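In: Provided below are the primary sequence and the corresponding predicted coordinates.
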Amino acid sequence: MTNVPTHPQWCDRQECTVTPDRPPGAHCSRPVLLRPEDREAMYLRVALHQADRPHGLPVVVCVEGYDEDRAKDPNPLALLALSTRQATITAHLLRRLVQRARS
Ligand SMILES: [Zn+2]
């Protein structure tokens, strides 16, 4: 029997913490980083995560907020772990709110 982990297609091996030696890690996609501009309050980091154990846990969309560059302080001020259903609905609601704010 082999202990070689299988990774989802979206998993970035640089970010993934699932290894044959450490199977209870988490698969992670390559994060998207948003730096604040024009008086925006936070740095944002968005990525997919999926714990490897127990098997079958759902994929979550993680949104982390930092008050300064993550390289200076790796502890997020805020963390949202959204199911794909919640992320889909939240994205739709945010788009509608932004349209309203701009009208
Ligand atoms: Zn992985």
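Out: Everything's here; your move.
In: In contact with Arg70, which residues?
Out: Listed by C-beta atoms under 8 Å, 6 or more residues apart in numbering, the contact partners of Arg70 are 33, 43, 45. The C-beta positions use only the backbone N, C-alpha and C, and glycine is treated the same way.
In: What segments of this structure are strands?
Out: All strands of the chain, identified by DSSP state E, fall at 26-28, 32-34, 43-51, 60-66, 78-83.
In: looking at those, which is closest to the ion?
Out: With C-beta to the ion as the measure, strand 26-28 is the member of the strands of the chain nearest the ion (3.5 Å).
In: Just checking that closest one against the ion, any contact.
Out: Yes. Strand 26-28 lies within reach of the ion by C-beta under 5 Å from the ion, at His27.
In: Determine the set of other helices and strands touching that strand.
Out: On a contact count with 3 or more C-beta pairs under 8 Å, 6 or more residues apart in numbering; DSSP states H and E, strand 26-28 meets strand 43-51.
In: quick one: the strand it packs on to strand 60-66, angle?
Out: On the basis of axes from the mean of the first three to the mean of the last three C-alpha atoms, to 10 degrees, strand 43-51 is oriented at 150 degrees to strand 60-66.
In: Sheet-wise, list the partners of strand 43-51 with their directions.
Out: When sheet partners are counted by DSSP bridges, strand 43-51 sits next to strand 26-28 (antiparallel), strand 32-34 (antiparallel), strand 60-66 (antiparallel).
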